[in-house]
Each structure stands twice: as C-alpha cells, then as structure tokens.
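> sequence first, predicted model second:
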Amino acid sequence: MHGMEIHACGEEPWTHQAFEASDEGNKGYLSREDYKVAVVMLFGYKPSKVEVDSIMASVMQSQPGLSLEKFLNVMSTKKAARFYHNEVRQLFTAFDRQCKGFLSFEDFKKAFNIVAPKLPERIIIEAFREVDQDEDGLISFKDFESAMKYGHDDLSALPSS
C-alpha cells in the first residue's frame, strides 16, 4: 500500500478514519451498529451477529462501546488473519496449475521438485499423506489450509469473513 502514511503504532490512517467516520455522534466509542459500519468500510462485508456479539462482549462492562484503542487492536488482528488466509489461497492456486480446485500427488510433487529438487520422493509422499487428511488421494483447499495453519493456531481461530 504505497503512498500511505503509517502511524507510529503501525496502523494505516484509514483504520483510524474508519473509526471516526463510523462513530455516530462523535461519542469516542463504537456501538454495535457503528462497529458494523466500520467493518463494511474496511473489509467490504457486513459482520455476522456472532462476530459482533463476540467483539462487543470483549468490551468492559463499564464502557458503553468499543474504544479506539480496542478497535485498532481488533482490526489489526482481523487484517493479519485475512492477509494470512489470502497468502495461503495464492499458494494453493500456484500449486493447482490446472485450476481443478484440488491437488493431485503429481501437482504436489511438481511443486516440491521446483522448490526443493533434491528432496527424496519418500519425503514428498509422506508430506502428501500428512496433508491429505481425508485420504482420498487429493488435497482440497481445506486440507491445504489446515496443513498451512499447523502451528499458527493463534490466527486460525479468527474469522476470515
């Protein structure tokens, strides 16, 4: 995102601007409806009731809504999760050269031969079996994403919209 000024806390100005634009009446916090508007502005989708409930439940009882600081933290986490999901999708697409929506062992092997040409085939076979969770001989995006998330459980619990 070239040309954008970065704030000292690492947030792009538009995250802060979305808070201000969504804060109906300039209260200094976001209500449930304000939060929905901000998510639409930043991510282009209306958050589910479950997502809004979980975010609003995380606000202290003494506070009437979502503070700017809390909003920036939530949006930073959402952006990281979304970025990670998009990276995994792009990697899967690069492996799925024929756009079948799944990876065969041959697709998997070709990808490994490009990135690690000296890797023994038995290791590739073991990796394929590990990723092919339902053992149907094909790796779906769900299988692939699950394997890529292994060790990234902090991001996997976040909604990816």
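Cool, got the structure.
> run through the chain and note the low-pLDDT ranges.
Within the chain, the segments meeting pLDDT under 70 span 1-12, 151-161.
> can you pull out the helices in it?
Here the chain has its helices, by DSSP state H, at 13-22, 32-43, 49-57, 68-95, 105-115, 121-131, 141-149, 153-156.
> save the ones you listed as a markdown table, and put in mean neighbour count too.
C-beta coordinates here come from the backbone N, C-alpha and C atoms, glycine included. Below are the helices of the chain laid out as a markdown table (neighbours: other Cβ atoms under 10 Å):
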| stretch | mean neighbour count |
| --- | --- |
| helix 13-22 | 17 |
| helix 32-43 | 18 |
| helix 49-57 | 13 |
| helix 68-95 | 16 |
| helix 105-115 | 14 |
| helix 121-131 | 13 |
| helix 141-149 | 17 |
| helix 153-156 | 13 |
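> please look at Leu119 and Ala111 and confirm they touch.
No: judged on Cβ atoms under 8 Å, Leu119 makes no contact with Ala111 at a distance of 10.8 Å.
> list residues touching both of those two?
Common contact partners of Leu119 and Ala111 (Cβ atoms under 8 Å, 6 or more residues apart in numbering): none.
> that'll do, ta.
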